[in-house]
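# from the sequence below, what's the structure:
(chains A and B)
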Number of protein chains: 2
Amino acid sequence: MSKEKPLILLTNDDGYKAPGIRHLVEVARKFGDVLLVGPMKGQSGMSHAVTLHEPIRLKKISEEPGLRVYACSGTPADCVKIALNQILDVKPDLLLSGINHGSNSSVSLFYSGTVAAAVEGCMNSIPSIAFSVDNHSIDADFGLAMHYAEPVIREALKYGLPDITCLNINFPDIPKDDCKGIRVCRQTRGVWKEEFEHRVDPQGRDYYWLTGFFSNEEPNETDTDEFLIQQNYAAIVPIKVDVTDYDAISVIGEWKLDN
Amino acid sequence: MSKEKPLILLTNDDGYKAPGIRHLVEVARKFGDVLLVGPMKGQSGMSHAVTLHEPIRLKKISEEPGLRVYACSGTPADCVKIALNQILDVKPDLLLSGINHGSNSSVSLFYSGTVAAAVEGCMNSIPSIAFSVDNHSIDADFGLAMHYAEPVIREALKYGLPDITCLNINFPDIPKDDCKGIRVCRQTRGVWKEEFEHRVDPQGRDYYWLTGFFSNEEPNETDTDEFLIQQNYAAIVPIKVDVTDYDAISVIGEWKLDN
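Prediction:
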């Protein structure tokens, strides 16, 4: 089947109605035909989860020239899978995930449904890019992200991405004009700390809310995404969908394991 | 606080009652005091999801010398977090996840709650190891996994693991005596294909079950976990908790992004 325009698949983890993905639709439509398959409800923190134990529903929300919108009951990874397997009969030229309401920099990417959707696209040999803004609110300002999404999409369609590599792009929560530029960098080393708030319910039973704060374990390293974002840059981390620690193979190979 | 014996934290994604983790308890107790914090219910395919939108419950199940067991209402990653933040006041010497009922080789590791728990431990600077057997049934044979878990635990306690590295160990579904040995190797390149079964409910509405098969995209590469498992080896893949594609930084750095 020949395609006149590029076909761009969009998803997210905040749900198909979220302002972030609606802003991304605006930019993506300048470049091609858009298929949006987003979760019916918010799926924040769902990482690369897939729905194994209940059936998945898929609902067509709207169709107009250049834009089809579906809602899926599953996770962001489910959205990508069902788009590729049940809706499309050709592979998309590009997958865009987001724009997420909230940062997915550093190790937060491991918890992120937005980034996982890009990883899922990448596994399926589709150039895939996750976008996130460091502001959780429904009213987050997406102006900066939209400003850079345009050249990013243009270049990704032109050059593609390296084999088994996708992009995790994070934007500081600042007006477009305050941003110093966009840089390609590495994942910051960090960890979430003091993560629970303990409460007692009216029946006297304990419960816990996941909370905590992000601790940057290398705050002075200038080539990391957290450092750059703190300095008012947008940060692109190329992610490899091969997590093998090649240097460690020989180290662990020295262990005495044949009892 | 001084510790007489190593402290070993165990978790999984099949639930705290699963045979796999009970077998791992048996082996781990030979080396130290065990704290088991497992999900209350099965959490297969939950990847690195965390519970953000509902409270988490934690229930003490049992306590005897050398073994404490808790059940947590959350995901495997939640189990690790709550163990470190609400139960323990010292860091464990080792985290073991599994033994999973089902393979987590190749890209299946991205969907795996078992592997995510090890990644979470690793982020918290704990040597962390995930174990999985290529058999989903409740009656899976854990003899081979238990055979190798013993020297793996011994060597991990002796040498630790490289910085920000954890291990993903997969066992073929064969009797111990049929196994040719254990090898350290890399993640196989692959993808899940034809992933949905479409059905229609009694009300005439469509629904979908996630299904499909794993496609090995490099079936002849002898240094990959899938190849080795097919050849009746146990396979250890060291995983790095930094997913940056360092080679891609300069490639993407060539893009024209400053509009």
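# I'd say A:Trp255 and B:Gly160 touch.
No - with contact defined as Cβ atoms under 8 Å, A:Trp255 does not count as touching B:Gly160 (11.3 Å). Placement of C-beta: from N, CA and C, glycine included.
# higher neighbour count, these two?
Between A:Trp255 and B:Gly160, counted using other Cβ atoms under 10 Å in any protein chain shown, A:Trp255 has the larger neighbour count: 17 against 14.
# could you find the closest non-adjacent residue to A:Phe227?
The shortest distance from A:Phe227 to any residue that is not its chain neighbour, by Cβ to Cβ, 6 or more residues apart in numbering or on different chains, is 6.0 Å, and that residue is A:Glu221.
# quick check: phi and psi on that neighbour?
Recorded main-chain torsions at A:Glu221 are phi -80, psi 110, according to degrees, to the nearest 10.
# and for A:Lys60?
Per-residue torsions, A:Lys60: phi -80, psi 120 (degrees, to the nearest 10).
# for it, which non-adjacent residue is closest in space?
Using Cβ to Cβ, 6+ apart and skipping the chain neighbours, the partner closest in space to A:Lys60 is A:Tyr70 (5.5 Å).
# so the one you found is in which element?
strand A:67-72 (DSSP states H and E).
# same question, A:Ile129
With elements delineated by DSSP H and E, A:Ile129 resides in strand A:128-133, which encompasses its position.
# for that strand, which strands pair with it and how are they oriented?
According to DSSP bridges, strand A:128-133 forms sheet pairs with strand A:94-101 (parallel), strand A:165-171 (parallel).
# low-confidence ranges, chain A, go.
Confidence mapping of chain A against pLDDT under 70 gives the ranges A:1-3, A:259.
# returning to what we had before: who does the strand holding A:Tyr70 pair up with?
When sheet partners are counted by DSSP bridges, strand A:67-72 sits next to strand A:33-39 (parallel), strand A:58-64 (antiparallel).
# would you mind listing what in the stretch 1-150 of chain A touches chain B?
By the criterion of Cβ under 8 Å from any Cβ of the partner chain, the positions of the stretch 1-150 of chain A lying close to chain B are A:42, A:44-53, A:55-58, A:74, A:77-78, A:81-82, A:85-86, A:107, A:109-111, A:116, A:119, A:123-125, A:147-148, A:150.
# mind doing that once more with 7 Å?
Taking Cβ under 7 Å from any Cβ of the partner chain, the part of the stretch 1-150 of chain A that reaches chain B is made up of A:44-52, A:55-58, A:78, A:81-82, A:85-86, A:107, A:110-111, A:116, A:119, A:123-124, A:147-148, A:150.
# show me what contacts the residue lying closest to A:Pro162 once chain neighbours are set aside?
Excluding its sequence neighbours, the residue lying closest to A:Pro162 (Cβ to Cβ, 6+ apart) is B:Ala248, at 4.9 Å. Residues in contact with B:Ala248 (Cβ atoms under 7 Å, 6 or more residues apart in numbering or on different chains) are A:Pro162, A:Thr165, A:Pro238.
# quickly find the element holding B:Ala248.
With secondary structure defined by DSSP H and E, B:Ala248 is part of helix B:246-253.
# quick check: phi and psi on A:Cys122?
The phi and psi values for A:Cys122, taken as degrees, to the nearest 10, are phi -60, psi -40.
# how about it, nearest residue that isn't a chain neighbour?
Excluding its sequence neighbours, the residue lying closest to A:Cys122 (Cβ to Cβ, 6+ apart) is A:Cys166, at 4.0 Å.
# cheers, nothing more for now.
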